[in-house]
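Asks: One predicted model, sequence on top.
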Amino acid sequence: MGQQIVNGLFLGSIYALFALGYTLVFGVLDILNLAHQAVFMLCAFLALTLVSLAHLHILLALPLATVAAGLVGILVERVAFRPLRGRADSNVAGLISSLAVATIFESIALGLWGPDVSRFPLGTVPERQLHLGGAVVQELQLVIIGIAVLMVLGLTFLLQRTRLGRQIRAVAESGFAARVLGIDVDRVIALSFFISSALGGAAGVLFGLAFNSISPDVGRSVELKGLAVIIVGGMGSMPGAVIAGFGLGLVETFTVARFGSSYRDAVAFAVLFLVLLVRPRGLLGQAATRVA
């Protein structure tokens, strides 16, 4: 039991971190950024390159790759979303535009790193094991859980306690009212994409380290999990995304332990579906009050 809980929290921390990036952009723009999974993938490859070719330590490669992912997020916002903002069909057009950007990013990754699975060099992370009760825990698992929790707490502090956070919440509530109050809405949206993509990129590096398997399509399966997490958690609810992310990780882990890996996705999505039947708006979702 203890082993499954640790494994579930470890996997759920990656899902939660990835889903938070989705949720942040959706909360501000009411739109899903389908290029998020491609940023997740690119950041993992960038960290791999920094470690294997530039010979940087992973503790330095991780923040560098995370910042780079944030900058890619600003590029995505500038190219795929800003030109379409204000159109009557901006939500659908932005969705399609971000999907096109994701395809371009995957093609770039395919050309640079090839179709085969890439792996971090041996010794990139320590392989020590710890014994906690009856569970055997990899040191890397605890580090990943710790990093994810720190990032979640950091995002919560930024949104609740800083001027930028108040501006993000104001734009999410009403872009028009935020402009009237003198807030630079374009700047706030760009910074939201930076933070969102940085979170997704960090999740990509942690995923690559955890499973030591990176390919141009690695983000696709995580994208489906991330979408499920934000829907079940409540669209636009960051606490809901965190709860649903950890919940999904635990459900998957216990399913594998009890029924085998073949049923992992089937049981996980069945549970998520049942949650939505009971709470159609998600665990912490509320009725929409946003005015664009």
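Replies: It's in. Residues are numbered from 1 along each chain as shown.
Asks: immediately after the one helix or strand Ala44 maps to, which helix or strand?
Replies: Here Ala44, judged by DSSP states H and E, is contained in helix 36-52. The helix or strand immediately downstream of helix 36-52 is helix 58-76, counting by DSSP H and E.
Asks: any idea which helix or strand carries Phe193?
Replies: Going by DSSP H and E, Phe193 is in helix 185-211.
Asks: nope, Gly86 is what I was after
Replies: Per DSSP H and E, there is no helix or strand for Gly86.
Asks: likewise the one 10 residues further on?
Replies: When secondary structure is defined using DSSP H and E, the element that contains Ile96 is helix 90-113.
Asks: For that helix, list every residue counted as buried.
Replies: Neighbour-count burial for helix 90-113, counted by 16 or more other C-beta atoms under 10 Å, picks out 90, 93-95, 97-99, 101-102, 105-106, 109, 113. The C-beta positions use only the backbone N, C-alpha and C, and glycine is treated the same way.
Asks: Redo those residues as TSV? Include distance to Leu20.
Replies: Below are the buried residues of helix 90-113 laid out as TSV (distance: C-beta to C-beta, whole Å):
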residue	distance to Leu20
Ser90	23
Ala93	25
Gly94	20
Leu95	20
Ser97	22
Ser98	17
Leu99	21
Val101	20
Ala102	19
Phe105	20
Glu106	22
Ala109	23
Trp113	26
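Asks: Next, format these as a markdown table and append pLDDT and distance to Gly146.
Replies: As requested, the buried residues of helix 90-113 are exported to a markdown table (pLDDT from 0 to 100; distance: C-beta to C-beta, whole Å):
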| residue | pLDDT | distance to Gly146 |
| --- | --- | --- |
| Ser90 | 73 | 39 |
| Ala93 | 85 | 40 |
| Gly94 | 84 | 35 |
| Leu95 | 85 | 34 |
| Ser97 | 92 | 36 |
| Ser98 | 92 | 31 |
| Leu99 | 92 | 34 |
| Val101 | 94 | 32 |
| Ala102 | 94 | 30 |
| Phe105 | 95 | 29 |
| Glu106 | 95 | 30 |
| Ala109 | 95 | 28 |
| Trp113 | 95 | 29 |
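Asks: how deep is the residue lying closest to Val275 once chain neighbours are set aside tucked in, by neighbour count?
Replies: In space, Val275 comes closest to Val232 once its chain neighbours are excluded; the distance is 5.2 Å by C-beta to C-beta, 6 or more residues apart in numbering. Residues near Val232, counting by other C-beta atoms under 10 Å, number 28.
Asks: could you point out where the stretch 1-150 of the chain is predicted with low confidence?
Replies: 133 (pLDDT under 70).
Asks: The host helix or strand of Arg169 - what's its average pLDDT?
Replies: Element membership for Arg169 (DSSP H and E) is helix 163-173. Mean per-residue pLDDT for helix 163-173: 91.
Asks: Just the angle for that helix relative to helix 185-211, thanks.
Replies: 100 degrees (axes from the mean of the first three to the mean of the last three C-alpha atoms, to 10 degrees).
Asks: picking up where we left off before, now the angle from the helix holding Ala44 to helix 58-76?
Replies: Going by the same axes, to 10 degrees, helix 36-52 makes 140 degrees with helix 58-76.
Asks: So which other helices or strands are in contact with helix 36-52?
Replies: Counting contacts by 3 or more C-beta pairs under 8 Å, 6 or more residues apart in numbering; DSSP states H and E, helix 36-52 is packed against helix 2-29, helix 58-76, helix 90-113, helix 185-211, helix 218-233.
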